[in-house]
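**Student:** what follows is a predicted structure for the sequence shown.
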Amino acid sequence: MSDAKPVRFETEGDVGVIVVDYPPVNALGPGVSEGIIEGIAKFNADPAIRAMVLIGAGRSFIAGADIRGFGTDRKRLPLGSRTYDAMDASAKPIVAAIHGFALGGGLENAMGCHYRIASRAAKVGLPEVLIGILPGGGGTQRLPRLVGPKVALDMIVSGRHVPADEAHALGIVDELVENDATLRAGAVAFARRAADAQAAGGTLPRVRDRQDKLREAKDDPGMFDAMRKSIARRARNQKAPYNCILAVEAACTLTFDEGMKREQELFEELVNSDEARALRYAFFAEREVARIPGLPKGTAIREVKTAAVVGAGTMGGGIAMSFADFGYPVRLMDATEEGLAKGMQRIRANYETSVKRGSLAADEMERRFARIQPAKDYTDIADADVVVEAVFEEMGVKKPVFAKLDEVMKPGALLLSNTSALDIDAIAAVTKRPQDVAGAHFFSPANVMKLLEVVRGARTAPDTLASVMQMGKRIGKLSVVAGNTDGFVANRSRAPFNSEMVILLEEGALPEQVDKVMVDFGYPMGPFAVGDLAGLDIGYAGRKRRAAANPNYRKLPIADRLVEMGRYGQKTGAGWYRYEKGDRTPHPDPEVARIIKEVSAEMGVAQRQFTDQEILRRLLFSSVNEACKIIEEGFAYRAVDVDVMWLHGFGFPRYRGGLLFWADGIGARAVYDQIASWHQQYGERWAPSKLLRDIAEAGGKLTDAKAPA
Ligand code: 3H9
């Protein structure tokens, strides 16, 4: 960090400009708020200045409080002496000039100003809830006064980013300018007009004085309870969304100053909570995974402008949509004309569903669909910058595709395989350019799921890896690098969980009991219900493959029996649960309970009762142990890689940080001791990871785990 002050003061004739310059995103780091206060005092004292503009340097207005400061003993200015208090007390008008993002404390500062003007591409919002806190800089008191409590509740409880034109329509922003380049001039002109209006006898509008919009709560006092009810499921186990509602409610029932005090109390309840710590960890983990250790500085990135996808099945179609959704022309090919036609139809149907649901405009759908062009054969895709193979998950099918891609694709094209487990080196070996080959494991549905597991083969070139990571970012994915091990990082770390959940049944648990424990923990669905949704035949094929390759493979006879009886899950109306025709609700099935008993008896396993905690720990500790092995063997760089995969690939509850962050909450020592004891009881599958043992013995943290250098 340079010695340069984070806030500087400039003048444009009779307008003082307060410029926040604290890269990369103008967070309210040390000295920023103090600098804004100093600027307001300075320009108020300067008789040559009639009005002020508050603006951000670089790519954003202000992205909010400095999140790194939370959880430390960071000092905060006391109530009554903060930036917005100085704004409220200012005798001269202040105009916030917003470009990029005005988030959290950024929007709170903007709302402290008398006026707000924004560039059309700007976004505003109060996303604090997403990091487990609430807008603690007056946001819960000022926003309801500006837009009414209903809209304020929606924005604050969802944390969503609101585009400038919507913010303008809502009254958050007073005026729009076309682009960032004209923002400063527009704001200075606006400030002069404000000064003229003031000179003509007008008063300065302060958001804190507004009452008109708060009346909405008097007309509809039930809105707060309705909001609590509507979030009950998704906000379970969390406190921040509820404190947000309480704070907005306070804005409607208390005076402004009392409301500010209430906001402060509700903020303090949250800022050091487990929930907030976990969400902050997740926020930084998602950014950390983009950093690839050991990547040579200045590694050139291959620019991806066009894409191709081979295989027009569900995955291939979803991958093609992922490119099209972010503006890339993409060619889709398939082994058969019929497969291609079906694939194109499926894509169209998926888009149409989004239009029907209202999440996609019809004209935007047409633009996206038009970007996906069917390709007749390999020559049609030869000039694409990247090709993603998404054919059947079998080496014998994938290898010939890669041999063909090697033949036709232009030099330097990225050759990616969408595989969830197959050996990427074996795939690369059929080409004469293994340096250009990597795995690109998309999760299903590929156009929806954010995780992209990028698999680094033994010969994948550093610039290939960096280019695929960049490509992932450009198509809206969170890309995480994994090494080439069976199941890579995501599925390998998840595999023991998948076995353990069925083994629990052998010992006396029921699918509905296990599912309830995991839903109560925070998963959107229980693992057995998810299995039924995905189709039980998929896991069955994988188990057969692994059992054939490894005589010590732990078989799962109950799961196998269901599949052999034709119970494939939702698609056959029965799996771990039974389903009514046309309905996806899982119903516990006595027939499944009977099969479980029967197979367990055949296996000679005694049945017993389980506590919820034992179920939870049996499932998650098995994966914690495996994740440690993966890091120890160098297939994941560090703990955040595993945690981000669990958050975005498997629906692990975000407010628990991630698998290894959660385990740290219990403590590496306690986790290790339990695993060691299960090792004694159950044998080899619970053999503890050496890395886990080392961390436990050193009193360390799993989130500090790193691959050997
Ligand atoms: C708040 O305001 C509380 C107040 O109500 C009251 C307090 C009392 N702090 O995401 P990017 C870093 S709470 C510290 O890759 P993008 C980020 O880690 C705050 N650092 O860029 C990254 O660092 P690195 C409410 C921050 O263009 C770099 O900036 N605000 C912060 O994809 C670039 O970030 C939020 O929750 C921060 N506030 O997205 C907004 N923000 O390069 C959080 C970013 O070392 N931020 N960094 O990895 C965001 O949502 C996105 O960063 C943003 C830009 C949309 C702004």
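**Tutor:** Everything's here; your move. Numbering: from 1, shown residues only.
**Student:** how far is stretch 7-18 from where the chain is centred?
**Tutor:** 38 Å (CA atoms, centre = their mean, to the nearest Å).
**Student:** so what's whatever residue of the stretch 101-250 of the chain ends up closest to the ligand closest to, chain neighbours aside?
**Tutor:** Closest approach between the stretch 101-250 of the chain and the ligand, counting by CB to the nearest ligand atom: G104, at 2.5 Å. Every residue, glycine included, has its C-beta placed from N, CA and C. Nearest non-adjacent residue to G104, counting by CB to CB, 6 or more residues apart in numbering: G64, 2.8 Å away.
**Student:** and the one you found, what are its bridge partners?
**Tutor:** G64 has these beta-bridge partners by DSSP bridges: A27.
**Student:** quick one: pLDDT of Q211?
**Tutor:** If you check Q211, the pLDDT there is 95.
**Student:** next, count neighbours for it.
**Tutor:** Each residue near Q211 was counted by other CB atoms under 10 Å, and the total is 8.
**Student:** likewise for E38?
**Tutor:** Applying other CB under 10 Å, we find 16 residues neighbouring E38.
**Student:** next up, phi/psi of V480, please.
**Tutor:** The phi and psi torsions at V480 (degrees, to the nearest 10) take the values phi -130, psi 130.
**Student:** contact partners for it?
**Tutor:** V480 is in contact with V289, L451, L452, E453, V454, V489, D641, V644, M645, counting by CB atoms under 8 Å, 6 or more residues apart in numbering.
**Student:** grab the nearest non-local neighbour of it.
**Tutor:** V289 (4.7 Å).
**Student:** check N447 too.
**Tutor:** Excluding its sequence neighbours, the residue lying closest to N447 (CB to CB, 6+ apart) is M321, at 3.8 Å.
**Student:** quick one: buried residues of whatever helix or strand that neighbour lives in?
**Tutor:** Using DSSP states H and E, M321 maps to helix 314-325. Under the neighbour-count criterion of 16 or more other CB atoms under 10 Å, helix 314-325 has M315, G316, G317, G318, I319, A320, M321, S322, F323, A324, D325 buried.
**Student:** please apply the same query to stretch 593-601.
**Tutor:** Buried residues in stretch 593-601, counted by 16+ other CB under 10 Å: I595, I596, V599, S600.
**Student:** cool, stretch 666-683 as well?
**Tutor:** Here stretch 666-683 shows A668, V671, Y672, Q674, I675, A676, W678, Y682 as buried, counting by 16+ other CB under 10 Å.
**Student:** from those residues, which one has the minimum pLDDT?
**Tutor:** Within the set of the buried residues of stretch 666-683, pLDDT is lowest for Y682 (95).
**Student:** now the helices for the stretch 151-300 of the chain?
**Tutor:** Taking DSSP state H, counting those that start in this stretch as the criterion, the stretch 151-300 of the chain contains helices spanning 164-170, 183-199, 215-219, 223-231, 240-253, 256-271, 274-288.
**Student:** tell me the residues on this protein that lie near the ligand, please.
**Tutor:** Taking CB under 6 Å from any ligand atom as the contact definition, the chain meets the ligand at 24-25, 27, 63-68, 101, 103-105, 108, 127-128, 131, 135-137, 139, 287.
**Student:** which of the helices of the stretch 151-300 of the chain is buried the deepest?
**Tutor:** Highest mean neighbour count among these (mean count of other CB atoms under 10 Å): helix 240-253, with a mean of 23.
**Student:** where does the stretch 351-500 of the chain get nearest to the ligand, residue-wise?
**Tutor:** Relative to the ligand, the nearest point of the stretch 351-500 of the chain is K473 (8.4 Å; CB to the nearest ligand atom).
**Student:** now for that residue: which residues touch it?
**Tutor:** Counting by CB under 8 Å, 6+ apart, K473 touches A290, S479.
**Student:** buried sites along whichever strand or helix holds it?
**Tutor:** Secondary structure from DSSP H and E places K473 in helix 462-474. Within helix 462-474, the residues that count as buried by 16+ other CB under 10 Å are D463, T464, L465, A466, S467, V468, M469, M471, G472.
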